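# need the 3D shape of this:
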Amino acid sequence: MFGLGIQELIIILIIVLVLFGAGRLPEIGRGIGQAIKNFKKATSEPDEIDVTPKKSSPQEKKKEEIEKKEGE
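Residues are numbered from 1 along each chain as shown. Predicted coordinates:
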């Protein structure tokens, strides 16, 4: 794939072990796995846009009106 042989992979593994330590490797692997899973999920799902109106309280409406007036 990238032209990496078994020797190169072993060297990379040793460097990773030295940098991160054996205790953190499962945590790093889990994080990478979740990132790949989320990426695949995001690319396979159709784009959905939420068009439901946002429910706002009367206080929020007043804030929005004040912000609009200040912006003018």
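# check which helix or strand Val18 maps to.
Element membership of Val18 [criterion: DSSP states H and E] is helix 6-20.
# residues near Lys68, how many?
The criterion is other CB atoms under 10 Å. On that basis, Lys68 has 9 neighbouring residues. C-beta: built from backbone N, CA, C; applies to glycine.
# what helix or strand is it located in?
With the criterion set as DSSP H and E, the secondary-structure element containing Lys68 is helix 58-71.
# and the longest helix for the protein?
Criterion DSSP state H: the longest helix present in the chain is helix 25-44.
# need the contact partners of stretch 6-14.
Counting contacts by CB atoms under 8 Å, 6 or more residues apart in numbering, the residues outside stretch 6-14 that touch it are Leu4.
# gap between that stretch and the chain center?
Taking CA atoms, centre = their mean, to the nearest Å, one finds the center of stretch 6-14 at 28 Å from the center of the full chain.
# also stretch 58-72?
33 Å.
# returning to what we had before: so the helix holding Val18 versus helix 25-44, what angle?
Orientation note: helix 6-20 sits at an angle of 110 degrees relative to helix 25-44 (axes from the mean of the first three to the mean of the last three CA atoms, to 10 degrees).
# give me the helices and strands touching the longest helix of the chain, please.
In terms of contacts (3 or more CB pairs under 8 Å, 6 or more residues apart in numbering; DSSP states H and E), helix 25-44 is packed against helix 6-20.
# let me know the average pLDDT across the helix it packs on.
Per-residue confidence for helix 6-20 averages out to 89 on the pLDDT scale.
# check stretch 35-47 too.
Taken as a whole, stretch 35-47 has a mean pLDDT of 84.
# repeat that for stretch 58-72.
For stretch 58-72, the per-residue pLDDT values average out at 77.
# and it, which residues are buried?
Along stretch 58-72, no position meets the burial threshold by neighbour count (16 or more other CB atoms under 10 Å).
# just want the most central residue of the protein.
Central residue check for the chain by CA atoms, centre = their mean: the C-alpha nearest the mean position is that of Ala35, 6.4 Å away.
# CA atoms of stretch 19-28 as PDB?
What follows is stretch 19-28, C-alpha atoms only, in PDB (Å, rounded to 0.1, in the frame of the first residue of the first chain):
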ATOM      1  CA  LEU A  19       6.800   7.900  22.600                       C
ATOM      2  CA  PHE A  20       3.500   7.000  24.200                       C
ATOM      3  CA  GLY A  21       4.200   4.100  26.400                       C
ATOM      4  CA  ALA A  22       2.400   0.700  26.500                       C
ATOM      5  CA  GLY A  23      -0.300   2.000  28.900                       C
ATOM      6  CA  ARG A  24      -1.700   4.600  26.500                       C
ATOM      7  CA  LEU A  25      -1.700   2.500  23.300                       C
ATOM      8  CA  PRO A  26      -5.200   1.000  23.900                       C
ATOM      9  CA  GLU A  27      -6.500   4.500  24.500                       C
ATOM     10  CA  ILE A  28      -4.900   5.800  21.400                       C
END
